[in-house]
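S.K.: sharing a model prediction with you, sequence too.
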Amino acid sequence: MQDDETLDVMVNGVSHQVTVPARRTLADLLRDDLGLTGTHLGCEHGVCGACTVLVDGEAVRACLVFAPQVDGAEVTTVEGLAGDDDRLSALQAAFSEERALQCGYCTPGFLMLAEDHLRRSGSSDEGEVRTHVSSNLCRCTGYAGIVDAVCSAAQQRMCPVSDGAS
Amino acid sequence: MKPPPFTYRRAASIDEAVALLASDEVDAKVLAGGQSLTPMLNLRLTRPELLVDVGRLPGLRYIRRGDDGLHVGALTRHDQFEHYPAPLDGFDVLREAAPLIGHHPIRTRGTIGGSLAHGDGSAEWCILAVLLDATITAVSGRGSRIIEADGFFEGLFTTTLEPDELIVDIHFPRPRQHAALEEFARRHGDFAVVAAAVAFDVEHERVTDPRIVLGGVATTPVRCRAAEAVLDGESPTDDAFEAAGRAVADEIEPPGDLHAPPEVRRRMADRLVRRALRRAADANREGVSHAG
C-alpha cells in the first residue's frame, strides 16, 4: 500500500504545493520535483552530510526527512544563499577565498552546515567550528580550508568590512 | 538507497496515534525524529507498511525538573538537552552526554523517546536511562503502563515495548551526586565502540548505591552488578575506581567486530570506567568549591 501526499512547502522564499509518494525524501523532493539540484546526495543514510539543508532555520540531513514531514515548513537550500543578482554570500566567498573546496561535491552540504553555525552561534573559535563541521565528510580538502573559511565568515559577520575598505 | 513504499499518517493526538498503531491489519511503525528509522528504511533493513508520524504531537517536548526528579517528554530533541539554559541539579550527566549523540544535524531532529524505542545498545540515552533508574511511560489503546529502563532493552534493537505502544514520558526519579559518561569513538559523532556511564552518591566518605552501565559490549546496555558491588561502601579513591574497572573487565563478555576485538573492548571498558568514576568524583569537588 502506498498513498501520495500533498504538501505545502516554502523553499528559498518560494511556496510550492506538491503531491508526491510519502516515501519521497526531502532531498529527492528538492532535486527531482523542484529541480533544485544544488543539494547533493552522497550516502543517503545520514552519514556524509552532503544533503544538509536548513528546515525552519536548522541544519538537517535531507536524506533523513520524508517530504510529508516538511509540510508547512520553510526550507533553505544552497540556491538560497546567493543574493538576487547571483552575488555570492560572504560565506560562499570565504569558501572560494580559503580554497575550501576542490571537487565541490560536498560543498553545498558544508555551506548549509556552516550557514546554520553562523546563524546560531556564529563563533569563530576554531575548536567550535571544527566540532561543528565534523558532521560532514569531504574527501578532497583535508578540512583545513573549510575550517578557515567558516572562521573567516564568522569573523566578518562580527566585524563587517565595508566594500571600500577591502 | 530509497526507502520501500509505505503509507504515511500524521497523528494529531496521542489517541489518534495509538489507534493507528493498534490496527492488526497493517505493520505500523512510529516515526518521531526519524534519525534512526529513516536510515534503516533507506537501507531496507525494515519494511513497515504504515508510518505513524508523531513528530508534531503537542505537549511531548519538555524537560521538567521537579520534586519527584526529572520528567522528559518523549519528543524532546537531543539538542534541547545540549542547550538547556539551567543546571539540571543531579541530572547534569544528561546535558553533558547530549553533544556525544551523532552530529548537530542529527540532534536537531532526533528524540529521546525515539532513541529508547529504537533500543541501540550503545546509544547514550539507552545507557543513561538504565544508569539513572529511569521509568518509561508508554500508552496504547489498552491504557498506559510504566516500564523500568533496567529490563526494557531485550536484545538487538528489541525492547519490551509492544507494537501498539507509544512512549510519552521518561522519568528520572533520583538525582545523583556524582555521574559521568565516557566513551571512545573512532571519530567524533560516531557510535561509541565502548561507552561507560557511572553514578554514585557519597555518604560519610563512602560510595553508596553505585551504578555502572556499559554500552557497546553487548546488544543492550549492560549493568555491571559485580563491579558495582566492588565499589559499594568503598572510599571514593583511585584505588577503588581501579578495582571497579578491573571488575568490569572480568564481568563483561564483549563481542568482536571490525571496530575492535573482544580484548580491546574489555580493556577500553576497564579504562573508561576508571576515567568516568574519576571525572564523576572530580565534578562534584569542583561544584563544592565553586559553591563555597
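M.R.: Ah, there it is. Numbers count the residues shown, from 1 in each chain, chains lettered A, B, ... in the order given.
S.K.: how about the helices of the stretch 101-250 of chain B, start to end?
M.R.: Along the stretch 101-250 of chain B, counting by DSSP state H, counting those that start in this stretch, helices occupy B:104-107, B:112-118, B:124-131, B:225-231, B:238-251.
S.K.: turn these into TSV, columns for mean pLDDT.
M.R.: Shown next, in TSV, are the helices of the stretch 101-250 of chain B (pLDDT from 0 to 100):
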stretch	mean pLDDT
helix B:104-107	97
helix B:112-118	98
helix B:124-131	98
helix B:225-231	98
helix B:238-251	98
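S.K.: dump the ones you listed to CSV, plus distance to chain A.
M.R.: C-beta here means a position set from N, CA and C on the backbone, and glycine is covered the same way. Formatted as CSV, these follow (distance: least, CB to the nearest CB, whole Å):
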stretch, distance to chain A
helix B:104-107, 4
helix B:112-118, 12
helix B:124-131, 17
helix B:225-231, 32
helix B:238-251, 28
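S.K.: will you turn these into a markdown table that also has mean neighbour count?
M.R.: Below are the helices of the stretch 101-250 of chain B laid out as a markdown table (neighbours: other CB atoms under 10 Å in any protein chain shown):
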| stretch | mean neighbour count |
| --- | --- |
| helix B:104-107 | 26 |
| helix B:112-118 | 26 |
| helix B:124-131 | 28 |
| helix B:225-231 | 19 |
| helix B:238-251 | 19 |
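S.K.: quick one: the strands in the stretch 101-250 of chain B?
M.R.: For the stretch 101-250 of chain B, the strands defined by DSSP state E, counting those that start in this stretch cover B:135-140, B:143-148, B:153-155, B:158-159, B:166-172, B:178-184, B:194-203, B:206-215, B:222-223.
S.K.: walk me through which strands the third one pairs with, and which way each runs.
M.R.: Spelled out, it's strand B:153-155. Using DSSP bridges, the strands paired with strand B:153-155 are strand B:158-159 (antiparallel).
S.K.: over to the fifth one?
M.R.: Within its sheet, strand B:166-172 is paired with strand B:69-73 (antiparallel), strand B:135-140 (antiparallel), according to DSSP bridges.
S.K.: contacts for that strand?
M.R.: Residues from elsewhere that reach strand B:166-172 (CB atoms under 8 Å, 6 or more residues apart in numbering or on different chains): B:14, B:17-18, B:21, B:30, B:54, B:60, B:68-74, B:91, B:94, B:112-113, B:116-117, B:129, B:132-140, B:144, B:146, B:161.
S.K.: okay, which residue is most central for the chain?
M.R.: Just so you know, I chose chain A. residue A:112 (2.2 Å; CA atoms, centre = their mean).
S.K.: that's the wrong chain, I meant chain B
M.R.: Central residue of chain B (CA atoms, centre = their mean): residue B:125, at 1.8 Å.
S.K.: OK, contacts around the nearest residue to that one once chain neighbours are set aside?
M.R.: Spatial nearest neighbour of residue B:125, chain neighbours left out: residue B:115 (4.3 Å); criterion: CB to CB, 6 or more residues apart in numbering or on different chains. The neighbours of residue B:115, taking CB under 8 Å, 6+ apart as the test, are B:36, B:78, B:101, B:123-126.
S.K.: how about the helix or strand hosting residue A:157 and chain B, any contact?
M.R.: Assessed by DSSP states H and E, residue A:157 sits inside helix A:144-158. No: against chain B, helix A:144-158 shows no contacts by CB under 8 Å from any CB of the partner chain, the least distance being 13.0 Å.
S.K.: burial measure for the closest residue to residue A:72 other than its chain neighbours, as a count.
M.R.: Using CB to CB, 6+ apart and skipping the chain neighbours, the partner closest in space to residue A:72 is residue A:8 (6.1 Å). Using other CB atoms under 10 Å in any protein chain shown, residue A:8 has 12 neighbouring residues.
S.K.: how about residue B:40, phi and psi?
M.R.: phi -70, psi -40 (degrees, to the nearest 10).
S.K.: pretty sure it sits against residue B:51.
M.R.: No: contact criterion CB atoms under 8 Å: residue B:40 and residue B:51 do not qualify, at 11.8 Å.
S.K.: more crowded one of these two?
M.R.: Each of residue B:40 and residue B:51 has its neighbours counted (other CB under 10 Å); residue B:51 has more, 26 against 18.
S.K.: how about low-confidence regions in the stretch 151-292 of chain B?
M.R.: For the stretch 151-292 of chain B, the stretches with pLDDT under 70 are B:284-292.
S.K.: in it, which residue sits closest to chain A?
M.R.: Per CB to the nearest CB, residue B:188 is where the stretch 151-292 of chain B lies closest to chain A, at 4.7 Å.
S.K.: hang on, the earlier thing: give me the mean pLDDT for the helix holding residue A:157.
M.R.: Mean pLDDT, computed over helix A:144-158, is 96.
S.K.: can you show me the CA trace of it as CSV?
M.R.: Taking Å, rounded to 0.1, in the frame of the first residue of the first chain, the C-alpha atoms of helix A:144-158 are listed here in CSV:
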residue,chain,number,x,y,z
ALA,A,144,41.7,22.9,6.8
GLY,A,145,40.3,25.2,4.1
ILE,A,146,36.7,24.6,5.2
VAL,A,147,37.5,25.4,8.9
ASP,A,148,39.4,28.6,7.7
ALA,A,149,36.5,29.6,5.6
VAL,A,150,33.9,29.2,8.3
CYS,A,151,36.1,31.1,10.8
SER,A,152,36.7,33.8,8.3
ALA,A,153,33.0,34.2,7.5
ALA,A,154,32.2,34.2,11.3
GLN,A,155,34.8,37.0,11.9
GLN,A,156,33.4,39.0,9.0
ARG,A,157,29.9,38.8,10.5
MET,A,158,31.2,40.0,13.8
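S.K.: now the strands paired with strand B:166-172 as JSON lines including distance to residue A:147, mean pLDDT and mean neighbour count?
M.R.: Output for the strands paired with strand B:166-172, formatted as JSON lines (distance: least, CB to CB, whole Å; pLDDT from 0 to 100; neighbours: other CB atoms under 10 Å in any protein chain shown):
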{"stretch": "strand B:69-73", "distance to residue A:147": "34", "mean pLDDT": "98", "mean neighbour count": "21"}
{"stretch": "strand B:135-140", "distance to residue A:147": "40", "mean pLDDT": "98", "mean neighbour count": "21"}
